[in-house]
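In: Below is the structure, and that's it, no one-letter string:
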């Protein structure tokens, strides 16, 4: 589903199925850990006439922004993450088995793998693992459950 900006254009370059694969992540979210503790808030919105998803993360300890986009030349999604501690991560991937799955090099023998999975209850589960080159989990860095914030709630 393209945004109103996209729908109002006579020619919308990014209004096709490939560019909409990550739309399930759009919105205002509260993010909870596996123990159901609130750990932060995230806003995901369209930019650049619906060709770019911008993430704005905030918690008591950190902030960060990512830019995700579909590259029609490579047929892959890309994400660049930058946080207020100077950390950054450049990921690339696609939808795999219903999850947006992206990878970044962690070392010569491991990869960062982040998966965003839409769940039947409307939540999105984000899981960040460091995996071996043959996809065995070495360590889990983050598991978060995104729950939509009702439009009338202020935080």
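Out: That came through fine. Note that this is a predicted model, so its numbers are computed, not measured.

In: what does the average pLDDT come to for stretch 39-51?
Out: Stretch 39-51 comes out with an average pLDDT of 95.

In: Sort out which residues of the strand ranked longest in the chain are buried, please.
Out: Ranked by number of residues, the top strand in the chain under DSSP state E is strand 137-148. Neighbour-count burial for strand 137-148, with 16 or more other C-beta atoms under 10 Å as criterion, is recorded at 144-146. Yep, even glycine has a C-beta here, placed from its N, CA and C like the rest.

In: so what strands line up beside that strand?
Out: Strand pairing for strand 137-148, using DSSP bridges, gives strand 27-32 (antiparallel), strand 124-132 (antiparallel).

In: Export the ones you listed to a markdown table and append columns for mean pLDDT, distance to residue 83 and mean neighbour count.
Out: Listed next are these as a markdown table, based on pLDDT from 0 to 100; distance: least, C-beta to C-beta, whole Å; neighbours: other C-beta atoms under 10 Å:
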| stretch | mean pLDDT | distance to residue 83 | mean neighbour count |
| --- | --- | --- | --- |
| strand 27-32 | 98 | 15 | 18 |
| strand 124-132 | 98 | 13 | 17 |
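
In: Of these, which is nearest residue 56?
Out: strand 27-32 (10.1 Å; C-beta to C-beta).

In: ok, residue 38 to residue 149 distance?
Out: Distance of residue 38 to residue 149, computed by C-beta to C-beta, to the nearest Å: 11 Å.
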